[in-house]
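Asker: Curious how this folds, go ahead:
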Amino acid sequence: MRRRVEPAYPRVARGLALKDQHCLATVRINKAGVPINVAVERCPSVFHAETKRALMKWRWVPLRTKRANVTVRTTIAITYKLR
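Answerer: Residues are numbered from 1 along each chain as shown. You can find the predicted model right below:
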């Protein structure tokens, strides 16, 4: 991992009295280690935009196989804690 950006607990979710939440996000990462697509699931929709925003800022060391970088897909669990 080259860079990780922590998502912020959405302001709207605070007003809905939602407690700690867990989201799963499927991220497609290009050959340069930059996310090109994020799909969020298993959490209230109020968390989707913030999860996507943060994950699109992440950067990975590119996966390399047989002397070439490759595009990959991974699943990441994000935990939001109400503080």
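Asker: Buried residues, stretch 26-35. List them.
Answerer: Buried residues in stretch 26-35, counted by 16 or more other Cβ atoms under 10 Å: 27, 29, 33, 35. All C-beta spots, glycine's among them, are computed from the backbone N, C-alpha and C.
Asker: My read is that the third one contacts residue 58, right?
Answerer: Yep, that's residue 33 we're talking about. No: using Cβ atoms under 8 Å, residue 33 is not in contact with residue 58; the gap is 9.0 Å.
Asker: Now list whatever residues contact both of the two.
Answerer: Common contacts of residue 33 and residue 58, defined by Cβ atoms under 8 Å, 6 or more residues apart in numbering, are absent altogether.
Asker: Contacts made by the lowest-mean-pLDDT helix or strand in the chain with the rest, please.
Answerer: Least confident helix or strand of the chain, by mean pLDDT, DSSP states H and E, is helix 11-15 with a mean of 91. With contact meaning Cβ under 8 Å, 6+ apart, helix 11-15 is reached by 21, 44, 46, 47, 80, 82.
Asker: so residue 44 touches residue 21, yeah?
Answerer: Yes: the pair residue 44 / residue 21 is scored as a contact, 6.5 Å apart, by Cβ under 8 Å.
Asker: ok, these two, which is more surrounded?
Answerer: In this view residue 44 and residue 21 are compared by other Cβ atoms under 10 Å, and residue 21 has more residues nearby, 19 against 14.
Asker: who's in contact with the spatially closest residue to the more buried one that is not a sequence neighbour?
Answerer: Closest residue in space to residue 21, ignoring its immediate chain neighbours: residue 80 at 4.5 Å, by Cβ to Cβ, 6 or more residues apart in numbering. Neighbouring residues of residue 80 by Cβ under 8 Å, 6+ apart: 7, 9, 10, 13, 20, 21, 22, 23, 43, 47.
Asker: residue ranges for the helices of this structure, please.
Answerer: With DSSP state H as the criterion, the chain has helices at 11-15, 48-55.
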